[in-house]
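> this one's structure only:
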């Protein structure tokens, strides 16, 4: 364990006597706790402590207890007397010599410490492997990092202790400068038809700056809520938990463009950097790269943004229009996007991002019952082509991860998600889809951690938060799930997946009136098959078997495919208590990939089936 005081060096320069006094108080709290948990204080280096433990469980519990005690101390102390530590924990072999310890394990622990939040604890993958499911704390996976003097990238987890988190804790001074929100560029072009270019430029800047190592960039869905907004920069920063804001404008006249951008400190609303760019449409890629460079320099972080390859400008404009439609995530939006991405590929067959866009249309279209017979083949071909042209596209790796997840090839899917997130750690969809993969594999704690990262990357996007609520339903943490669904519906009252899942949670909690109300509200935006399916399941849940069968038969008549029908039949049999029919159909539904492993592992509506001996056999047959 390596622990270090936050801001100690600056404090010694400002008030050395106060710094020494706080150091003495810190030692009086930390050293006894290390010994109390069976640890050995190896040495103190100024304001830092290095300690060794025989047990990883003891080390992590000691780290959390240190932070709890420091929080108690800070609560009763004046702000200038507060103490905050960062703690890093790693497990590995060390060499003892001259009352000291040496080796990679020591180095990695020291490198993990600065990554921890003030008052927080970070652990390595090796520690996680030993303590998962053995501690009462939630372990949230962070993006893997290349640590100084360490050959391989390290997977890192943050320890989440509910006793250390309160909603009211988020203060303006806590906003991280490394968390960046890129607001929608204002369109100052004479033609309103060029609005998609301004929005597209915003999205491309998000992608480019997401490639800067050390920055967390808010996803497009959340920042687009502030398009044409008059909300103060400081308020936007607090809402998105972003310490740095990039805002600007886009203007196109003929083939000439002007991009104006400025980087602003969300706490003070002071300008950090500003610049104007003038050029032709052909210059748009170099402008995006230069802005990413300047942002990295202004925030003093490492730049790993690949140079943009020049593509056909007409193809690029078609691509931007396509993304504009795809981001709507509606059936019509996906259909229009596919036409535009296909046209972009026809203009420039080597345009990798357009191929990735085609794949995304087939993957998301499946959710709207589009492309029933061809979605898997077409998505696979488009992903393969995109990655052959450019292996550095995070979206294509994440899309392949989702495709592999749907094929139950989970180990390969994990590799693709990790690759995508190493290229863009802020890509909310990658976190979202990775969470689904982990849940299917039976790693629910990790799935919740990944879904949390999705929500943090795109905090105002309903789908990114909805997946976290779904994971909490699977974990039977119904109150947490309700809180998330409530928040989503405050922002988007008609988001029907949240209404559907909230109605299910209400059923589990015995709140039948609220469940019926939410289900009825959700039906307005549902297909006829979905409407009848949901009404059949709800009627079966309430024990209204005759009514349930009426809706079941209607749904069966209009099912978009045999696969979707068998998935519904299995769910209906389970809720209706038809044990024989449930197990009879399970293998068929699994083969059709319409009864997911996550459903069988976790869903409460399967409780009636779990008492049957055949359920254990079913669990053994699940892909993992």
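Thanks, I have it. Model, not experiment: these values are computed from the prediction. Numbers count the residues shown, from 1 in each chain.
> going forward, measure contacts between C-alpha atoms and count neighbours the same way
OK.
> Quick check: residue 257 is in a strand.
Yes: applying DSSP: H, G, I helix; E, B strand; the rest coil, one finds residue 257 inside a strand.
> Make sure it is actually in contact with residue 282.
No: the criterion here is Cα atoms under 8 Å, and residue 257 misses it with residue 282 at 9.6 Å.
> what are the ranges of the strands in the stretch 51-200 of the chain?
For the stretch 51-200 of the chain, the strands defined by DSSP state E, counting those that start in this stretch cover 85-89, 95-97, 100-102, 120-124, 138-145, 154-160, 179-182, 186-187.
> Which of the ones you listed sits closest to residue 368?
Across the strands of the stretch 51-200 of the chain, the minimum distance to residue 368, taken as Cα to Cα, is reached by strand 179-182, at 30.1 Å.
> Mean confidence (pLDDT) on the closest one, please.
Summarised as a single mean, pLDDT over strand 179-182 is 90.
> Tell me which strands it pairs with, and in which orientation.
Applying DSSP bridges to the sheet, strand 179-182 is found paired with strand 216-217 (parallel), strand 244-253 (parallel).
> For the ones you listed, could you give me CSV that also reports distance to residue 459 and mean neighbour count?
Below are those laid out as CSV (distance: least, Cα to Cα, whole Å; neighbours: other Cα atoms under 10 Å):
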stretch, distance to residue 459, mean neighbour count
strand 216-217, 11, 26
strand 244-253, 15, 22
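> Residue 554 belongs to a helix?
Yes: applying three-state DSSP, one finds residue 554 inside a helix.
> per-residue pLDDT, the residue nearest to residue 525 when sequence neighbours are not counted?
In space, and not counting its chain neighbours, residue 525 is closest to residue 496: 6.5 Å by Cα to Cα, 6 or more residues apart in numbering. For residue 496, the model assigns a pLDDT of 80.
> if I pick residue 496, what's in contact with it?
521, 522, 523, 525, 526 (Cα atoms under 8 Å, 6 or more residues apart in numbering).
> surely the third one meets residue 529?
No: counting by Cα under 8 Å, residue 523 sits too far from residue 529 to count as a contact (10.5 Å).
> sorry, back to before: among the strands paired with strand 179-182, which gets the worst mean confidence?
It's strand 216-217: among the strands paired with strand 179-182, that one has the lowest mean pLDDT, namely a mean of 86.
> immediately after that strand, which helix or strand?
helix 220-223 (DSSP states H and E).
> mean confidence for that next one?
On average, helix 220-223 scores 83.
> And the helices in the stretch 401-550 of the chain?
410-423, 428-441, 444-457, 462-474, 478-491, 496-508, 512-523, 528-541, 545-557 (DSSP state H, counting those that start in this stretch).
> how about a markdown table for those, with distance to residue 60 added?
Output for the helices of the stretch 401-550 of the chain, formatted as a markdown table (distance: least, Cα to Cα, whole Å):
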| stretch | distance to residue 60 |
| --- | --- |
| helix 410-423 | 25 |
| helix 428-441 | 24 |
| helix 444-457 | 17 |
| helix 462-474 | 24 |
| helix 478-491 | 25 |
| helix 496-508 | 34 |
| helix 512-523 | 41 |
| helix 528-541 | 43 |
| helix 545-557 | 51 |
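> Of those, which is nearest residue 262?
helix 444-457 (21.7 Å).
> Counting by contacts, list what the closest one packs against.
strand 138-145, helix 428-441, helix 462-474 (3 or more Cα pairs under 8 Å, 6 or more residues apart in numbering; DSSP states H and E).
> got CSV for the ones you listed, with mean pLDDT and mean neighbour count too?
CSV is the format used below for the helices and strands packed on helix 444-457 (pLDDT from 0 to 100; neighbours: other Cα atoms under 10 Å):
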stretch, mean pLDDT, mean neighbour count
strand 138-145, 75, 20
helix 428-441, 92, 26
helix 462-474, 89, 25
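> Kindly present those as a markdown table, with separate columns for distance to residue 370.
What follows is these, written out as a markdown table (distance: least, Cα to Cα, whole Å):
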| stretch | distance to residue 370 |
| --- | --- |
| strand 138-145 | 34 |
| helix 428-441 | 19 |
| helix 462-474 | 19 |
